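Asks: pasting the sequence and the predicted model now:
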Amino acid sequence: MKYHVNETCIGCGLCVATCPAVFKMNDETGIAESITADIPAIMEDSAKEAQEGCPAGAIESV
């Protein structure tokens, strides 16, 4: 599974704090990004937790 951070991201950093192996902050835009590769199975739970906890609903699973 892959995750995508859409344009509604408010840059709060919660996803990065929850799952830093999958999400990172873009220094130029101030919003989060996700890695482009498939998420390793061991990271699925924390990536899902980041998605569910996003206050802007900006994380989509693809």
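Replies: Good, I have the coordinates.
Asks: can you tell me the element residue 49 falls in?
Replies: helix 44-53 (DSSP states H and E).
Asks: now do the buried residues in that helix.
Replies: Taking 16 or more other CB atoms under 10 Å as the neighbour-count basis, helix 44-53 is seen to contain the buried residues 46-48, 50-51. C-beta coordinates here come from the backbone N, C-alpha and C atoms, glycine included.
Asks: quick check, nearest of those residues to residue 3?
Replies: Closest approach to residue 3 among the buried residues of helix 44-53 (CB to CB): residue 47, at 5.6 Å.
Asks: how much space separates that closest one from residue 39?
Replies: Plainly put, residue 47 is 5 Å away from residue 39 if you go by CB to CB, to the nearest Å.
Asks: could you measure the spatially most central residue of the chain against residue 15, distance?
Replies: Central residue of the chain (CA atoms, centre = their mean): residue 23, 4.3 Å from the mean position. Distance of residue 23 to residue 15, computed by CB to CB: 4 Å.
Asks: now the helices for this structure?
Replies: 14-18, 44-53 (DSSP state H).
Asks: quick one: closest of those to residue 5.
Replies: Ranking the helices of the chain by proximity to residue 5 (CB to CB) places helix 14-18 first, at 7.2 Å.
Asks: redo the helices of the chain as JSON lines? Include distance to residue 6 and mean pLDDT.
Replies: Formatted as JSON lines, the entries for these read as follows, by distance: least, CB to CB, whole Å; pLDDT from 0 to 100:
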{"stretch": "helix 14-18", "distance to residue 6": "12", "mean pLDDT": "97"}
{"stretch": "helix 44-53", "distance to residue 6": "11", "mean pLDDT": "97"}
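Asks: can you lay out those as a markdown table showing distance to residue 29?
Replies: Shown next, in a markdown table, are these (distance: least, CB to CB, whole Å):
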| stretch | distance to residue 29 |
| --- | --- |
| helix 14-18 | 14 |
| helix 44-53 | 18 |
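Asks: in space, what's closest to residue 22 - neighbours in sequence excluded?
Replies: Take residue 22 and drop its neighbours on the chain: the residue closest to it by CB to CB, 6 or more residues apart in numbering is residue 47, 4.7 Å away.
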